[in-house]
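[1] Sequence and computational prediction follow.
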Amino acid sequence: MTSLAHTTRTIAGRRPPASSRTRERSRIAGTIAPRLHDGLRGVALFFGLFSLLNLVGELRTPGFDANVWWVDLRPLPLAGTAVVLALAGLLLVTWGLRPAAAAWRRAATSVTAGALAVVAVRNSVTFYSVWRLGQIRPWMPLPLSLAFAVALLAIAWAAAGTAPPARGAPTRLRVAAALLLCGLLFPIAQQVFFGKTDYVRHVQTTVVLGAEVHRDGHASVSLRDRVRTAAQLYRAGLTDRLLMSGARANGEPVNETAVMRALAIGFGVPATAIDVDPRGVNTAATARDTVPMLRAAGDRRVAVVSDFFHLPRVKLAYQRLGLDVTTVPSRAHRIPQTTRLVVREIPAFWVYYLRAVLR
């Protein structure tokens with residue numbers, strides 16, 4: 001005779017009817033689809049606002065080109081770039097705020113996002129081309145453009161369909177959360193993909209940014225690594241001179257540039273090939289002081305050496321002053337403060353970006 005426990009296990013182990021399984025899948029899909037849609041709206045808002053701010057920056061700051069931070073529209077002329085940025089920004093922002101729009105506007109948003117995805121794929125192809133030619137040395141074998149292409153294709157797909165019903169405050173919170181998450185992840189992605197890439201090419205001058213000098217007068221690990229990297233560039237014939245920029249911070253026994261100069265000479269760089277900027281108290285001051293020096297010397301090709309997490313902000317500081325520099329990450333040892341410094345650069349990136357755009 002079958003026991004009651006065995007009968008119970010048999011009943012519990014039976015699969016539910018097909019109709020029940022279908023209803024369950026529909027319920028799950030109905031829960032996930034609106035959340036995904038809201039997340040993509042937040043991503044679209046981020047891309048749209050970023051595009052419009054880039055347009056403002058191009059109009060206000062000569063030489064400012066923030067397109068390279070996500071999609072590079074070159075060789076499109078400046079006027080064409082402005083039209084594309086304005087159109088894409090307005091459509092993406094509008095769809096992010098009000099997805100239940102007229103069919104023609106959803107179609108326009110979908111086509112525009114798809115076109116930008118194609119540009120991002122083209123940027124990825126360019127990445128591999130210049131890598132093959134030895135013009136860059138990436139740390140990551142995948143370009144950030146591929147991630148942008150996937151996100152833009154997802155937005156194009158979502159915009160082409162009918163928006164799910166709005167759910168009030170939860171919907172707005174999800175869109176806002178996705179927008180905020182993009183704002184946090186974007187600078188980190190730039191540090192990892194852009195900051196860690198060595199843009200190898202011959203330049204006239206390499207600017208080396210200062211770092212801590214300990215109380216006993218010896219250089220910190222970061223400072224030594226930055227100077228060593230710049231000296232390697234000089235010895236390889238990739239730069240004609242070095243420009244050390246630093247200052248005397250609180251508690252430091254000497255100006256950082258004195259230590260940097262001595263280190264560079266010790267690494268085999270002749271003293272005649274070294275100049276100093278002793279007032280580089282921070283990144284903005286370094287850019288402000290060195291740009292006139294570089295222009296006075298007639299230098300058009302300039303590189304900057306610093307830690308990888310610092311380089312996106314360095315690029316922005318020079319862009320603000322109308323000078324496009326190439327960046328070289330120091331061949332650095334990992335220091336205990338790396339995680340904290342990476343996090344610190346998130347707000348710092350946006351501060352420098354807004355300074356460049358809205359100055």
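    Looks like it came in fine.

[2] could you measure L354 against A348, distance?
    Applying C-beta to C-beta, to the nearest Å, the value for L354 to A348 is 11 Å. Any C-beta I mention is one placed from the backbone N, CA and C, and that applies to glycine too.

[3] wait, L341 sits on F309?
    Yes: shown here, L341 and F309 form a contact pair, counting by C-beta atoms under 8 Å, at 5.5 Å.

[4] neighbour count winner among these two?
    Set L341 next to F309 and count neighbours by other C-beta atoms under 10 Å: F309 wins out with 26 against 16.

[5] The more buried one belongs to a helix?
    No: secondary structure of F309 (DSSP: H, G, I helix; E, B strand; the rest coil): coil, not part of a helix.

[6] doesn't K196 make contact with it?
    No: in this structure, F309 is not within contact of K196 by C-beta under 8 Å, at 9.0 Å.

[7] and L179, how far is that from L144?
    Taking C-beta to C-beta as the measure, L179 falls 19 Å from L144.

[8] just H214 next, same as before
    Distance, H214 to L144, by C-beta to C-beta: 36 Å.

[9] which one of the two has more residues nearby?
    Between H214 and L144, L144 has the larger neighbour count (other C-beta under 10 Å), namely 21 against 13.

[10] The residue nearest to the more buried one when sequence neighbours are not counted: neighbouring residues, count only.
    Nearest residue to L144 in three dimensions, chain neighbours excluded: F193, at 4.0 Å (C-beta to C-beta, 6 or more residues apart in numbering). Neighbourhood size, F193 [other C-beta under 10 Å]: 19.

[11] tell me the contacts of F193?
    Residues near F193 by C-beta atoms under 8 Å, 6 or more residues apart in numbering: P138, M140, P143, L144.

[12] Looking at L354 and A348, which is more packed in?
    Relative neighbour count places A348 above the other of L354 and A348, with 18 against 13, counting by other C-beta under 10 Å.

[13] that older thread, is the residue nearest to L144 in a helix, a strand, or coil?
    Recorded secondary structure, F193: helix (three-state DSSP).

[14] So it versus V342, what's the distance?
    According to C-beta to C-beta, F193 and V342 sit 13 Å apart.
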